[in-house]
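J.: pasting the sequence and the predicted coordinates here, then a few questions.
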Amino acid sequence: MPEAAETFASDPLPSPDTEDAMWALSQRTDGRLIYGVPGETAVLSIDCDISAIPTLRITRNSPADEGAGALLAMVGNGHIGRIKVDATEVGNDSFWVGESPALNEVWEPLAGPRELTLTVPGAGMVSIGPSPMPGLMIEACRAGELLDGAALLEAQEGEDGGADLDASPVS
């Protein structure tokens, strides 16, 4: 019997340029925050599911090899959080997706007002600028509520005047 060919992971990707990136409320999906440079594909998104136990889901919009799994690490605001992520098909692509109960302390790096970094092995490091928006999302989800769009718009306008960002490949 012939020997099976070895398979390897894809080459690592460079870190995305997030110098002009910002948080925005998705215009396509209720209860979703997206992060990226306006007019470009979003780098990541966070969703809240309140149908049972309030749960947050994070999607790193970076190609993931079929069947792959990893730990997504977030470091910032005096906390370190790690979430198991798996390659998940979205349309014809596969992205890194993970979820955890909203009350889990793994979300604390996103809850504070300072900058943080987020990494998935092979998908580069995402530098996330300071913003109250992810903290508001986490707070609402923990309370069993979806995002209050008016509160987010206030926070967003304080950030940058409310620029439109919704080029997320994940609808």
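T.: Nice, thanks for sending it over. Residues are numbered from 1 along each chain as shown.
J.: show me what the longest strand along the chain is packed up against.
T.: Longest strand in the chain by number of residues (criterion: DSSP state E): strand 79-90. Packing partners of strand 79-90 (3 or more Cβ pairs under 8 Å, 6 or more residues apart in numbering; DSSP states H and E): strand 55-63, strand 69-76, strand 93-101, helix 108-111. Every residue, glycine included, has its C-beta placed from N, CA and C.
J.: element containing the residue lying closest to residue 126 once chain neighbours are set aside?
T.: In space, and not counting its chain neighbours, residue 126 is closest to residue 118: 4.4 Å by Cβ to Cβ, 6 or more residues apart in numbering. In this assignment (DSSP states H and E), residue 118 forms part of strand 116-119.
J.: helices or strands up against that strand?
T.: Partner elements for strand 116-119 (3+ Cβ pairs under 8 Å, 6+ apart): strand 69-76, strand 125-128.
J.: so for the first one, mean pLDDT?
T.: Averaged across strand 69-76, pLDDT comes to 96.
J.: kindly report the same for stretch 51-66.
T.: 92.
J.: distance from it to the middle of the chain?
T.: Taking the mean of its C-alpha atoms, stretch 51-66 sits 8 Å from the chain's own mean (Cα atoms, centre = their mean, to the nearest Å).
J.: what's the end-to-end length of that stretch?
T.: End-to-end distance for stretch 51-66, by Cα to Cα, to the nearest Å: 28 Å.
J.: check which residues of that stretch are buried.
T.: 54-62, 64 (16 or more other Cβ atoms under 10 Å).
J.: next: stretch 39-51.
T.: 42-48, 50.
J.: and residue 141, what does it touch?
T.: Going by Cβ atoms under 8 Å, 6 or more residues apart in numbering, residue 141 touches 31, 48, 50, 54-56, 102.
J.: next, format those residues as TSV and append distance to residue 96.
T.: What follows is the contacts of residue 141, written out as TSV (distance: Cβ to Cβ, whole Å):
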residue	distance to residue 96
31	20
48	18
50	23
54	22
55	17
56	15
102	19
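J.: my read: residue 121 touches residue 70, true?
T.: Yes. At 5.1 Å, residue 121 counts as touching residue 70 under the criterion of Cβ atoms under 8 Å.
J.: so for the two, which sits in the more crowded spot?
T.: Ranked by neighbour count (other Cβ atoms under 10 Å), residue 121 and residue 70 place residue 70 first, with 22 against 14.
J.: what about that one, distance to residue 22?
T.: Residue 70 is 26 Å from residue 22, where distance means Cβ to Cβ, to the nearest Å.
J.: how about residue 128?
T.: Distance from residue 128 to residue 22, by Cβ to Cβ: 10 Å.
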